[in-house]
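Visitor: model this:
(one chain, ligands or ions: 1)
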Amino acid sequence: MCGIVGYTGNKKAKDILISGLKNLEYRGYDSAGICLQENNELLIFKDKGRIKNLITIIDGLSPNAISGIGHTRWATHGEPNQINSHPHTDCKNSIAIVHNGIIENYTEIKKFLESKGHIFKSETDSEVISHLIEEFYEGDFKEAFLNMLKIIEGAYAILAMDKNTPNTIIGARKGSPLILGIGNNENFLVSDPSAIVGYTANVVYLDDGEVVIIKNNEFEILDPVSKKSINKKVEHISWSLKEISKDGYPDFMLKEIFEQQQTIKNAFRGRISIENYDVKLGGLKLTPKDIQDIQRVFFISCGTSWHAGIYAKYVMEDLSRIISEHEYASEFRYRNPLIKEDDIFFFISQSGETADTLAALKLVKQLNGRVYGITNVVGSSIAREAGQGVYTHAGPEIGVASTKAFTSQLVVTLLIALYFGKFRKTVPQDKLIKIIEDLNKLPDIVENFLKKNIEILKSISFKYKDISNALYLGRGLNFPIALEGALKLKEISYIHAEGYPAAEMKHGPIALIDKNFPVFVIATRELYEKVISNIEEVKARGAKVVAIANEGDKKITKLADDVIFVPELEYHVQPIINVIPLQLIAYYIASFKGKDVDKPRNLAKSVTVE
Ligand code: M6R
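Guide: Model (predicted):
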């Protein structure tokens, strides 16, 4: 939800800001802009739409500025036009700011500032920041910035520049991510590491309430109230340029779907032992006694991660026999939840920055609940706020539609369920062996599946590319897979799709079915006969059926209009491969329709506002 980048150093800031913004574009793409400081002037360039529009404006210009700030926007307040694009300035164009988040009390602040004669140019909440700094400015940029922070409420990562304080950027964060990148005689302030890959691997993760000042080769992190410096650990990020490039694929989403042969392995590597059929999870810090005593497990998340939460609930209850719940973070945080001493809470998030998930985590902490992160981005807010948990290790996911992060979440939550089951002695040995063996085989199975099935997936996608609606059905562990298949289709191709538990379909959605309303059914072995009856029911109403079925299933060939065969796996492992053809069908349908699959309209990768 908006990406910000700041640079001071010895190189041309324009190039560094543009390259950083390109890598951050997946966070929001309604508009983009930069501010460069040159000859004690602030030069602002901005435009609505993608970064390529901004590049057109500045193409040919060669400013010598060695410091600047940039922004790529996901609009919250004010339509995505040029005026509402960041950076925003004060009345005199002396102060420029970029902001990610929402200033909740901006209406009161704006009224106050207008009464003092400030003239606003945009409809954004963010513009109050530059005017407030101007209002407090008495020759000391830092003081004015700190005074501004005392007034604003809400969530923010802010970068600000003052034309009278050369080559200095001040940043602050509360609720939105901000990372300091420390280079050689240069410093960066960015929303996420993708913006600095190739420049530096040394970072400091700023915490909420901290302020940072960068000046070429110096930086200082301080507490805005005491104004004292804070010493923070410099950490090392492992993101590579290859990981954040398309690497020959036409889209990040396709690259990330194909990466699953590796990312699934990364999710279980070092955590399962095929020799003695064991599961180990270092990050949970729970003793066998703690695990014995757990009464309830909650999985709290949003979007695709919420679908992983449903799967997690099912496998946790089945394998560890602990009562489990899955919750939308946005609902949980506002419903005055009851938390008991022996409950534990997992917060599932690819980005680790989703505002509702983070807020739900903070709420549980306040209520003295035990919290664990299941995150992909190392060092993200949820990972750090939880302090313990399990990383999914899927590597950077850039496509807005989550794919590889989802299958990694399934693997990790399955491992947690097995781990708890091991200490609670609730997993029969033969089941444990089969799950571990099949998990271990899964990367090769995925690789073969992708090698063999692309052409058939393309031709099925082509056949259905002009549909307006689709229903996705699955039962048991395949119910969240149906939800995920439907979400993938709707978010990147803008085709209306709904996921349902296959039997529940009879309680309403079946009324929608006709020959133009295809049904995608996951019909692998779990509850197979029941699902077959559900297919008969929709066929009887004229629906075209596309089935995901196990290899060797002859019955399904007669019943479904199109079938994609997947190898048969232990039923807890099976859903992890079942979702891959659904991801690819969504991908190819959207591509055939000419959609920008990596940057679907209205969406952003990381939802850092509620
Ligand atoms: O980063 P998170 O996993 O917390 O993100 C949650 C959702 O915003 C995310 O899964 C979203 O639904 C994706 N666009 C799904 O493809």
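Visitor: gap between the residue positioned nearest the centre of the chain and residue 589?
Guide: For the chain, the residue nearest the mean C-alpha position is residue 351 (3.8 Å; CA atoms, centre = their mean). When CB to CB, to the nearest Å is the yardstick, residue 351 and residue 589 sit 25 Å from each other. Any C-beta I mention is one placed from the backbone N, CA and C, and that applies to glycine too.
Visitor: quick one: contacts for the residue in the chain that the ligand sits nearest to?
Guide: Of all residues in the chain, the one sitting closest to the ligand is residue 303 (2.0 Å; CB to the nearest ligand atom). Residue 303 is in contact with 354, 402, 487, 607, counting by CB atoms under 8 Å, 6 or more residues apart in numbering.
Visitor: on that earlier part again, backbone dihedrals for the residue nearest to the centre of the chain, please?
Guide: phi -70, psi -30 (degrees, to the nearest 10).
Visitor: can you give me the domain boundaries for the chain?
Guide: 3-244, 252-592 (automatic domain parsing).
Visitor: is the ligand contacted by the first one?
Guide: No - with CB under 6 Å from any ligand atom as the criterion, the ligand is not reached by domain 3-244; the gap is at least 10.5 Å.
Visitor: check the offset of that domain from the chain's centre.
Guide: Remark: domain 3-244 is offset 22 Å from the chain centroid, using CA atoms, centre = their mean, to the nearest Å.
Visitor: how long is that domain from one end to the other?
Guide: Using CA to CA, to the nearest Å, one end of domain 3-244 lies 15 Å from the other.
Visitor: what do you get for stretch 239-259?
Guide: 15 Å.
Visitor: could you give the mean pLDDT of it?
Guide: Averaging pLDDT along stretch 239-259 gives 93.
Visitor: quick check: buried residues in that stretch?
Guide: 239, 243-244, 246, 251-259 (16 or more other CB atoms under 10 Å).
Visitor: what's the spacing between residue 313 and residue 327?
Guide: For residue 313, the distance to residue 327 - CB to CB - is 9 Å.
Visitor: correction: the previous question concerned residue 315.
Guide: 16 Å.
Visitor: got it, and residue 276?
Guide: From residue 276 to residue 327 the distance is 35 Å (CB to CB).
Visitor: who's more crowded, those two?
Guide: More neighbours surround residue 327 than the other of residue 276 and residue 327, with 20 against 7 (other CB atoms under 10 Å).
Visitor: next SSE downstream of the helix ranked longest in the chain?
Guide: Scanning the chain for the longest helix, with DSSP state H as the assignment, gives helix 429-464. With elements assigned by DSSP states H and E, the helix or strand that comes after helix 429-464 is strand 469-474.
Visitor: run me through the strand neighbours of that following strand, direction for each.
Guide: strand 496-501 (parallel), strand 519-523 (parallel) (DSSP bridges).
Visitor: for stretch 6-14, buried residues please.
Guide: Neighbour-count burial for stretch 6-14 [16+ other CB under 10 Å]: 6-9, 12-14.
Visitor: next: stretch 365-378.
Guide: For stretch 365-378, by 16+ other CB under 10 Å, it's 369-378.
Visitor: with stretch 146-159 instead?
Guide: 146-149, 151-152, 154-159.
Visitor: and if you look at stretch 285-296?
Guide: Those would be 286, 291, 294, for stretch 285-296 by 16+ other CB under 10 Å.
Visitor: and the first one, how far is that from residue 372?
Guide: Put plainly, it is residue 286. 9 Å.
Visitor: what touches both of those two?
Guide: residue 344.
Visitor: pretty sure residue 22 is in a helix, no?
Guide: Yes - per DSSP: H, G, I helix; E, B strand; the rest coil, residue 22 lies within a helix segment.
Visitor: show me the contacts for it.
Guide: By CB under 8 Å, 6+ apart, residue 22 lies in contact with residue 51.
Visitor: so for residue 606, what's the pLDDT?
Guide: Confidence at residue 606, expressed as pLDDT, is 81.
Visitor: same question, residue 514
Guide: 89.
Visitor: the residue nearest to it when sequence neighbours are not counted: which element?
Guide: With sequence-adjacent residues excluded and distances taken as CB to CB, 6 or more residues apart in numbering, residue 514 is closest to residue 542, at 5.4 Å. Using DSSP H and E, residue 542 sits within no helix or strand.
Visitor: how close does residue 542 get to residue 557?
Guide: 19 Å.
Visitor: can you map out the helices along the stretch 501-610 of the chain?
Guide: 528-540, 554-559, 574-592 (DSSP state H, counting those that start in this stretch).
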